[in-house]
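1. take a look and give me a structure for this.
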Amino acid sequence: VKYLPGMPRFFTEGASVIADCSGEPDLAKFQKDSALADREAPDHYIDLEYLKGERLPPTRSEYHRLVRQIAPGVLVGSLPYAIIEWAQRLTIAFAECRRWPGNEAVRMRCLVYAGILCHYCQDLWMPLHTTVHYDGRTQDGISPRSGVHDRMDGLIERISVNVDRIAAEKLPAAASRPPDDLFAAITAELEKSHAEVDRVYSMEKELLSNADDPRVRRLAADCAERAMAFSAQMLAAAWRASEKTSLPSWLTR
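-> Next up is the predicted model:
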């Protein structure tokens with residue numbers, strides 16, 4: 001976040017806290033057989049094929065109604081709603097920060113929320129989180145669990161993508177163009193990621209064999225760049241929206 005122009009200083013200097021907090025959603029998801037994992041797991045993916053081309057509604061409750069109608073009994077996933085909800089939580093926290101700029105608790109809440117938001121933004125730019133073909137091409141709706149999901153999930157670390165260079169080159173421009181309509185921006189980005197599914201499977205053999213293939217390296221770099229740029233846009237949009245966000249009269253710090 002140190003490359004994001006226009007953000008408050010405490011925020012850009014809090015990159016290590018944001019990075020640390022970005023793992024929180026996975027900690028919740030991996031508490032097996034818990035109520036928390038049951039609630040958390042669907043927020044990490046969305047199987048777009050089950051929606052049959054239907055447009056995503058703007059709220060989670062409307063989405064659940066739609067899913068009950070067109071894909072009853074199916075766990076479709078709810079990733080876009082995790083992103084919009086955490087972006088809006090961050091917006092509120094930023095609004096508090098504008099009113100009470102020296103409040104350390106408010107500042108820390110901004111950093112925590114930003115980390116969690118970035119986690120979901122990066123989940124969106126793992127293309128296999130957008131499809132029923134999440135771990136090998138499905139047969140009758142059942143994934144063969146080929147192992148390609150784990151290979152793709154850890155690709156950026158395995159390939160050693162130079163994320164600092166990408167951040168320095170790409171994030172200032174991305175953050176300077178925060179979207180006005182956050183949910184429209186989220187669904188547009190989701191479609192772009194989903195369009196990469198066929199590209200991933202065109203390299204399935206190389207991904208599974210751990211081959212040092214230039215196409216795989218390019219895929220890793222492209223996904224890293226898009227995930228970082230998307231995260232930057234969401235963070236910048238939350239900060240900008242906070243300027244006009246009203247807080248209740250009963251709230252004091």
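
2. by mean pLDDT, which helix or strand of the chain comes out lowest?
-> When each helix and strand of the chain is scored by mean pLDDT, DSSP states H and E, helix 155-159 comes last, with a mean of 86.

3. helices or strands up against it?
-> Using 3 or more CB pairs under 8 Å, 6 or more residues apart in numbering; DSSP states H and E as the contact test, the elements touching helix 155-159 are helix 214-242. C-betas here are computed from N, CA, C, even on glycine.

4. mind listing what's buried along the helix it packs on?
-> If you call a residue buried by 16 or more other CB atoms under 10 Å, then helix 214-242 has these buried ones: 216, 219-221, 223-242.

5. ok, back up a step: the least confident helix or strand of the chain: what's the following helix or strand?
-> helix 163-175 (DSSP states H and E).

6. average model confidence for the helix or strand following that next one?
-> Heading C-terminal from helix 163-175, the first helix or strand you meet, by DSSP H and E, is helix 182-194. Mean per-residue pLDDT for helix 182-194: 98.

7. so helix 182-194 versus helix 214-242, what angle?
-> 180 degrees (axes from the mean of the first three to the mean of the last three CA atoms, to 10 degrees).

8. quick one: helix 182-194 to chain centroid distance?
-> Distance of helix 182-194 from the chain centroid (CA atoms, centre = their mean, to the nearest Å) equals 10 Å.

9. now swap in stretch 93-108 and tell me
-> 24 Å.

10. who's in contact with it?
-> Residues outside stretch 93-108 that contact it (CB atoms under 8 Å, 6 or more residues apart in numbering): 8, 10-11, 14, 17, 109-110, 113, 238-239, 241-243, 245-247, 251, 253.
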